[in-house]
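Undergrad: A structural model of the following input is requested.
(one chain, ligands or ions: 2)
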Amino acid sequence: MSELISTRIRDHAGKLGLTHLVETVDQLAARAETEQLGYLGFLDLLLEEELGLRESRRFRNALKLSGLPHHKTLDGFDFAFQPDLDARKVRDLATLDFIDKRSNIALLGPPGVGKTMIAVVLAVAACQAGYSIYFTSLDDLVRRLRAAEATGRFNRQLAAYLRPGVLVVDGVGYLPLDRAEANMVFQLVSRRYERGSVIITSNKSFTEWGSVLGDDVLATAILDRLPHHCDVVSINGPSYRLKDRLILVTGGDPMT
Ligand code: ADP
Ligand code: MG
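TA: Ligands and ions are numbered 1, 2, ... in the order given. From the prediction side, this is the model:
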């Protein structure tokens, strides 16, 4: 390719924001040459490379802004450690059908069994698939809504939690809420209802939510909406956090 043309392509690609093409135009042309690509094949290669790079950049940035505590994937989840957990159900959820159905997921169980990890895994998968996601602890959510209310910005803050296609609310039940806080959670849940998915993790069963939310009427109103269109995944088993301690105590792998 003449120097003049490739310079012009780089210039135009830059103006069009095709940043990958700017850097790789000569390599791509050389590859098309060796692979004897036709016109359509070359155009296809070029667009695929550009889009692939743009996608991975979007994924990385979205993860950075997502508030997720880590970016683990389902491959890292040891189902053998948690035999009572319905692995097929978790894998089904990882197909992300629930997002298009705008249905919710509740991960329930004692500390350390992997509730947060599964919520994160699903959120990472959703992010990779192009859905917008946001992760927050219930604590943080309530603190931010309270602060926003105090400065007259409640609706704007609430809108931030309504926007993502998937909102993870982690750790429901660790700290009890007062009535005003429970009311904020109710507003969030009722506004998101059938509009976007919520994944919640909780160490309390639904029947205990009345005491968590400090108000039976509000708890009922929330529970009227949340578990409707909701997959409940109960994880009852050993704490993964204690796994290494078990190994130390027994001097070997507790799984063997
Ligand atoms: P929970 O939210 O139920 O308290 P976490 O998801 O925070 O538990 O799990 C505690 C730690 O153990 C995390 O680092 C998590 O990634 C890891 N973990 C939990 N269960 C598993 C598992 N079955 N396989 C691999 N890692 C796990
Ligand atoms: Mg957790």
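Undergrad: shaky segments in the protein?
TA: The model of the chain has pLDDT under 70 over residues 1, 227, 246-256.
Undergrad: show me which residues of it sit near ligand 1.
TA: 72, 76-78, 81-82, 111-117, 201, 240-241 (CB under 6 Å from any ligand atom). Bear in mind the C-beta positions are built from the backbone N, C-alpha and C, glycine included.
Undergrad: cutoff 8 Å now
TA: Counting by CB under 8 Å from any ligand atom, the chain comes close to ligand 1 at 70, 72, 76-79, 81-82, 85, 107, 109-120, 170-171, 201, 203, 235, 239-241, 243.
Undergrad: in helices only, show me those residues.
TA: 115, 116, 117, 118, 119, 120, 243 (DSSP state H).
Undergrad: farthest-apart pair in these, please.
TA: Greatest spatial distance in these: 119 and 243, 19.5 Å, computed using CB to CB.
Undergrad: who touches the helix or strand hosting residue 122?
TA: Per DSSP states H and E, residue 122 falls inside helix 115-128. By CB atoms under 8 Å, 6 or more residues apart in numbering, the surrounding residues in contact with helix 115-128 are 59, 62-63, 66, 68-74, 77, 90, 93-94, 96, 99, 105, 107-109, 133, 135, 165-166, 168, 170-171, 199, 201-203, 233, 235.
Undergrad: from the residues you listed, keep the buried residues only.
TA: 59, 62-63, 66, 68, 71-72, 74, 77, 90, 93-94, 96, 99, 105, 107-109, 133, 135, 165-166, 168, 170-171, 199, 201-203, 233, 235 (16 or more other CB atoms under 10 Å).
Undergrad: for the stretch 151-256 of the chain, which segments count as helices?
TA: For the stretch 151-256 of the chain, helices defined by DSSP state H, counting those that start in this stretch occupy the ranges 154-162, 179-192, 209-212, 216-225, 243-250.
Undergrad: which parts of the shortest one are buried?
TA: Neighbour counts using 16+ other CB under 10 Å place 209, 210, 212 of helix 209-212 among the buried residues.
Undergrad: save the residues you listed as a markdown table, and put in distance to residue 42 too.
TA: Below are the buried residues of helix 209-212 laid out as a markdown table (distance: CB to CB, whole Å):
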| residue | distance to residue 42 |
| --- | --- |
| 209 | 59 |
| 210 | 64 |
| 212 | 60 |
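Undergrad: which member of these is positioned nearest ligand 1?
TA: In terms of CB to the nearest ligand atom, no member of the buried residues of helix 209-212 lies closer to ligand 1 than residue 212, at 15.9 Å.
Undergrad: which ones are touching the closest one?
TA: Per CB under 8 Å, 6+ apart, neighbours of residue 212: 172, 173, 176, 177, 202, 204, 219.
Undergrad: of these, select the buried ones using a PyMOL command.
TA: Applied in PyMOL, the following selects the buried portion of the contacts of residue 212 according to 16+ other CB under 10 Å:
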select buried, resi 172+173+177+202+204+219
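Undergrad: now tabulate the contacts of residue 212 in CSV and tack on distance to residue 159.
TA: As requested, the contacts of residue 212 are exported to CSV (distance: CB to CB, whole Å):
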residue, distance to residue 159
172, 21
173, 26
176, 26
177, 21
202, 25
204, 28
219, 24
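Undergrad: among the contacts of residue 212, which one sits closest to ligand 1?
TA: Of the contacts of residue 212, the one sitting nearest to ligand 1 (CB to the nearest ligand atom) turns out to be residue 202, at 9.6 Å.
Undergrad: spatially, what comes nearest to the closest one if we skip its sequence neighbours?
TA: residue 172 (4.0 Å; CB to CB, 6 or more residues apart in numbering).
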